[in-house]
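Engineer: got a predicted model here, sequence first, then my questions.
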Amino acid sequence: MDLEKYITNIPDFPKKGIIFRDITTLISNKDAFKEVIRRLADQYKNKGITSIVGIEARGFIFGAALAYELGAKFVPARKKGKLPRQTYSVEYDLEYGKDSLEMHKDALGNNENVLIIDDLLATGGTIKAVIQLLDNFSSNIKGIVCVIELDDLKGREKLAPYPVTSLIHFKGE
């Protein structure tokens with residue numbers, strides 16, 4: 001199945017010169033969504049993954065389904081102020097400012113095998129922030145998964161030495 005055909009390209013959103021890669025058309029197609037989860041699960045089953053860390057918000061969609069398929073738990077990495085218990089927090093740079101992500105301090109146990117998931121890899125800043133959050137735990141990052149990767153932005157380079165899996169690649173963005 002050609003998953004790229006289920007991504008809608010929206011030119012000049014959210015600003016002129018940007019092509020927004022809309023995944024809502026992919027997740028609203030039950031066969032395409034199922035295929036994404038199947039492909040990711042096939043790559044990571046029998047790898048001992050115990051936790052999937054999904055990045056707010058679209059990483060939750062794929063992360064929860066993948067956690068279910070792998071028999072792992074799902075751990076949200078959320079925007080500041082959204083989690084009710086004690087959290088670890090990390091601030092990171094955006095194109096025009098800063099943001100922060102948080103995880104509950106009791107989200108992971110010792111030596112858990114973690115897979116990080118988000119819908120899109122662009123510059124890598126958000127995923128790098130999650131890696132910094134995971135430094136607070138004695139867990140093992142086994143990989144990073146994104147449905148879409150914007151290759152020309154070279155976000156993958158910021159994520160070394162962790163293996164990165166992306167299902168759909170766009171060049172020339």
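Structural biologist: Sure thing, it's come through. Numbers count the residues shown, from 1 in each chain.

Engineer: how close does Pro11 get to Arg21?
Structural biologist: 11 Å (C-beta to C-beta, to the nearest Å). C-betas here are computed from N, CA, C, even on glycine.

Engineer: surely Asn9 is within a strand?
Structural biologist: Yes - under DSSP: H, G, I helix; E, B strand; the rest coil, Asn9 falls within a strand.

Engineer: tell me what it is bridged to.
Structural biologist: On the basis of DSSP bridges, Asn9 is bridged to Arg21.

Engineer: residue contacts, it?
Structural biologist: By C-beta atoms under 8 Å, 6 or more residues apart in numbering, the contact set of Asn9 is 19-22.

Engineer: who has more neighbours out of Pro11 and Arg21?
Structural biologist: Arg21 (20 against 9; other C-beta atoms under 10 Å).

Engineer: tell me how far the more buried one lies from Gly109.
Structural biologist: Distance of Arg21 to Gly109, computed by C-beta to C-beta: 35 Å.

Engineer: now Glu149
Structural biologist: To Gly109, Glu149 is 30 Å away according to C-beta to C-beta.

Engineer: of those two, which one has the most company?
Structural biologist: Neighbours were counted for Glu149 and for Gly109 using other C-beta under 10 Å; Glu149 has more, 21 against 12.

Engineer: now do the contacts for the most centrally placed residue in the chain.
Structural biologist: Nearest residue to the geometric centre of the chain (C-alpha atoms, centre = their mean): Asp118, 1.6 Å. By C-beta under 8 Å, 6+ apart, the contact set of Asp118 is 54-55, 58-59, 62, 126-127, 145-146.

Engineer: confidence score at it?
Structural biologist: The model reports Asp118 with a pLDDT of 98.

Engineer: got the buried residues for stretch 145-156?
Structural biologist: Using 16 or more other C-beta atoms under 10 Å as the test for burial, stretch 145-156 gives 145-150, 155-156.

Engineer: tell me which of these fall in helices.
Structural biologist: Applying DSSP state H to those, the entries found in helices are 155-156.

Engineer: now the longest helix belonging to the chain: buried residues?
Structural biologist: Using DSSP H, we find that the single longest helix of the chain is helix 30-44. For helix 30-44, the neighbour count (16+ other C-beta under 10 Å) marks 32-33, 35-37, 40-41, 44 as buried.
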